[in-house]
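Visitor: A predicted structure for the sequence below; I have some questions about it.
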Amino acid sequence: MKVSIKNIMCPVDFSDSSNHALRYAVALAETHGANLCLLHVVQPPMIALPGDPMIPETSSEALEEITEASQQRLDGLAKTICQSRP
């Protein structure tokens, strides 16, 4: 039975382990002629208050900064991947 892989989603957190998995996903996508989608999840910053559990930071500016920085890193990864392809 032949497996047909058309789409691959690779979670990315910019760690060494994640980079290793990304290299594997790129090779797998090239082998199968599949599309590769990178996924990065941004967690809102948390605030610790004495005696209370952690609560999410409600400032949209903080989340926006984190989101923009993550998007730039993802764009850089995507550009590197595209440039390395034949």
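Guide: Arrived safely.
Visitor: so who does Cys10 touch?
Guide: For Cys10, the contact set (C-beta atoms under 8 Å, 6 or more residues apart in numbering) comprises Ala21, Leu22, Ala25, Leu36, Cys37, Leu38, Leu39. For the C-beta atoms, the positions are set from N, CA and C on the backbone; glycine is no exception.
Visitor: just give the closest residue to it, not the sequence neighbours.
Guide: Ala25 (3.9 Å; C-beta to C-beta, 6 or more residues apart in numbering).
Visitor: report whether that neighbour is found in a strand, as I expect.
Guide: No. Read with DSSP: H, G, I helix; E, B strand; the rest coil, Ala25 is helix and lies in no strand.
Visitor: quick one: contacts for it?
Guide: Listed by C-beta under 8 Å, 6+ apart, the contact partners of Ala25 are Ile8, Cys10, Leu36.
Visitor: of these, which is the nearest to Leu49?
Guide: Nearest to Leu49, judged by C-beta to C-beta, of the contacts of Ala25 is Cys10 at 36.3 Å.
Visitor: pairing partners for the helix or strand where that closest one lies, with directions?
Guide: Assessed by DSSP states H and E, Cys10 sits inside strand 7-11. If you go by DSSP bridges, strand 7-11 pairs up with strand 35-39 (parallel).
Visitor: mind giving me the packing neighbours of the helix ranked longest in the chain?
Guide: Counting by DSSP state H, the longest helix found in the chain is helix 60-84. Judged by 3 or more C-beta pairs under 8 Å, 6 or more residues apart in numbering; DSSP states H and E, helix 60-84 is in contact with helix 16-32, strand 35-39.
Visitor: ok, back up a step: nearest to Ser60, of the contacts of Ala25?
Guide: Once C-beta to C-beta is applied, the member of those that ends up nearest Ser60 is Cys10, at 28.3 Å.
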